[in-house]
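J.: Attaching a predicted model along with its sequence, questions to come.
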Amino acid sequence: MKLLSLFSLVMLFQMITCAQSTDELPVVPKVDLNRYLGKWYEIATIPMRFQLGCNCVTAEYSLKENGRVKVVNSCRKDSPAGLFKSVTGQAKVVKGSNNAKLKVSFFWPFWGNYWIIQLDQENYQWAVVSDPSRKTLWILSRVPQMDEELYGKLVDYCQSTGLNTDLLVKTDQSCYY
C-alpha cells in the first residue's frame, strides 16, 4: 500500500510538472519591428549570471542590412558610476511569429529565445520579454523610470503566466536622473 501511495504521488507530481512545462507562454499577437527598434531601459529583471552587478542597463536595437537586428546591451558595473560595459549581438525573427518571437545570439553558435509577451501596442513605450522556459524576464521602458501602477500590473500579468516574479529585481537606473 505504501508503495502504491508513493507511486501515485510520483505520478501526480510528474503530471503537474509536465502540465506546467507544456503550457506555452503567450506572446503578443504582432510586433511592428520598426517601432520596436531603438533604446530600451531595463526596469526590472530576473538576473542572469552575466547581468550580476549591472546598473543603468539598456538595450538598443537597430536594423541590419541583412534584415537581422543588431542588439547592443550595456550597463555600468557594480554602481551607477561604475565602468561602462557593453556587448553586441544580433537577433533574428522566428518565422510565423509576427515578430513577437526572436532568437538572439551574443556568442555564435548559441541562440536564446526572446519572446515579447506584453507590449504597449499603441505607443511602444513599454514591453515585457521572457522565454518559453519562463526562466528569464525583462520589463523594459523607453524611459528610465516606470509608473508604479503600470509596473504592478505588468508584474501581476507575469505572475498569471507562471513566471516567478519573486526573483524579479528592479534595476538601478539612477545614472539617468
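T.: Sure, I can see it.

J.: And the pLDDT at the residue nearest to residue 106 when sequence neighbours are not counted?
T.: Computed as CB to CB, 6 or more residues apart in numbering, the closest residue to residue 106 that is not its neighbour in sequence is residue 89, at 3.6 Å. C-beta coordinates here come from the backbone N, C-alpha and C atoms, glycine included. pLDDT, residue 89: 97.

J.: so which strand or helix has residue 89?
T.: Residue 89 belongs to strand 84-93 when assigned by DSSP states H and E.

J.: buried ones in whichever helix or strand comes after that strand?
T.: Counting by DSSP H and E, the element after strand 84-93 in chain order, helix or strand, is strand 101-107. For strand 101-107, a neighbour-count test (16 or more other CB atoms under 10 Å) marks 101-102, 104 as buried.

J.: cool, and stretch 152-171?
T.: 154-155, 158, 161, 163, 165, 168, 171.

J.: now do stretch 47-67
T.: 47, 51, 54-59, 61.

J.: For the strand holding residue 89, give me every contacting residue.
T.: 33, 54, 61, 64, 68-77, 99, 101-107, 114 (CB atoms under 8 Å, 6 or more residues apart in numbering).

J.: okay, it in PDB with CA atoms only?
T.: What follows is strand 84-93, C-alpha atoms only, in PDB (Å, rounded to 0.1, in the frame of the first residue of the first chain):
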ATOM      1  CA  PHE A  84      30.700  51.100 -18.700                       C
ATOM      2  CA  LYS A  85      30.300  47.600 -20.300                       C
ATOM      3  CA  SER A  86      28.600  46.600 -23.500                       C
ATOM      4  CA  VAL A  87      28.100  43.600 -25.600                       C
ATOM      5  CA  THR A  88      26.900  43.400 -29.200                       C
ATOM      6  CA  GLY A  89      24.800  40.600 -30.700                       C
ATOM      7  CA  GLN A  90      22.200  40.000 -33.200                       C
ATOM      8  CA  ALA A  91      18.600  38.800 -33.300                       C
ATOM      9  CA  LYS A  92      16.500  37.100 -36.000                       C
ATOM     10  CA  VAL A  93      12.700  36.900 -36.200                       C
END
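
J.: And it, what's buried?
T.: Buried residues in strand 84-93 (16+ other CB under 10 Å): 89-93.

J.: Okay, strands next: where are they in the chain?
T.: 38-45, 54-63, 69-77, 84-93, 101-107, 110-119, 126-130, 137-141, 169-170 (DSSP state E).

J.: nearest to residue 24, of those?
T.: Ranking the strands of the chain by proximity to residue 24 (CB to CB) places strand 110-119 first, at 9.6 Å.

J.: Please name every helix or strand in contact with the closest one.
T.: Secondary-structure packing of strand 110-119 (3 or more CB pairs under 8 Å, 6 or more residues apart in numbering; DSSP states H and E): strand 101-107, strand 126-130, helix 148-160.
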